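**Q** here is a sequence together with a model predicted from it:
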Amino acid sequence: MKQRNDIIIRHSPVERINHWAVVICFLLTAISGLGFFFPSLNWMMNIFGTPQLSRILHPFAGAVMFFLFIFMFFRYFKHNLINKDDLEWAKNIHKVLRNEEAGEIGQYNLGQKGIYWSVSLSLLLLLISGIMIWRPYFAVYFPIPLIRIALLVHSLAAIGLILTIIVHAYAAFWVKGSVRAMVEGWVTRGWAKKHHPRWYREILEQERQKEKE
């Protein structure tokens, strides 16, 4: 680990635990869900032990994932509001693709904000549609035509979420230091200055304020 004066805490232990708990729930629901919809992938339903258990536990794991994500949603909400600096980042996307950050990026860039909002929308659609098709508890309260629409929405939202998470994971490995931030919680000052300069200056200002106190 780097010297303490060369690191910045990016994610607290609570944030990291919550993040990985959401990841585990996502893997359980995504893998079992793919087994439901594609006959060639029926073997994936064994992730819960048996296909029968997957039918029972899949919606519960999905509900847990949604409620765990609520913490993340409100924790990171103010950092994911889109502003004019994000437009500058978008204009310089060619630099970003060369692993160079562009513009006055705060705690998260436009790409990360896109992931945040995409995951939020997908999970909301999955929750609503999932409740409507959840047998034997809730499906009986909805007409068959509505359940069919809910099944379609649930499938499309699930595919959207899976693709979003794949992009999120790829970006995390692509930008060196990102995975460590979510595993160990810290980044170097050089990393913060390069990838999130405005956030880095905010951290410096906070440190100066603490020194004055």
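**A** Perfect, thanks for sending it. Just so you know, these numbers come straight off a predicted model, no measurement behind them.
**Q** and the next element down the chain from the helix or strand containing Asn18?
**A** Assessed by DSSP states H and E, Asn18 sits inside helix 13-37. Next along the chain after helix 13-37, taking DSSP H and E as the criterion, comes helix 51-76.
**Q** return the distance of that following helix from the chain's centre.
**A** Remark: helix 51-76 is offset 13 Å from the chain centroid, using C-alpha atoms, centre = their mean, to the nearest Å.
**Q** buried stuff in it?
**A** For helix 51-76, the neighbour count (16 or more other C-beta atoms under 10 Å) marks 51, 54, 57-59, 61-66, 68-69, 72-73, 76 as buried. The C-beta positions use only the backbone N, C-alpha and C, and glycine is treated the same way.
**Q** just the residues contacting stretch 182-196, thanks.
**A** 1-2, 6-13, 16, 19-20, 101, 105-109, 172, 175, 177, 180-181, 199-200, 203 (C-beta atoms under 8 Å, 6 or more residues apart in numbering).
**Q** how far does that stretch sit from its chain's centre?
**A** With C-alpha atoms, centre = their mean, you get 18 Å for stretch 182-196.
**Q** quick one on the thing from earlier: buried subset of the contacts of stretch 182-196?
**A** 7-8, 10-11, 16, 19, 101, 105-109, 172, 175, 177, 180-181, 199-200, 203.
**Q** where does the chain have low pLDDT?
**A** Flagging of the chain using pLDDT under 70 yields the residue ranges 1-4, 99-102, 213.
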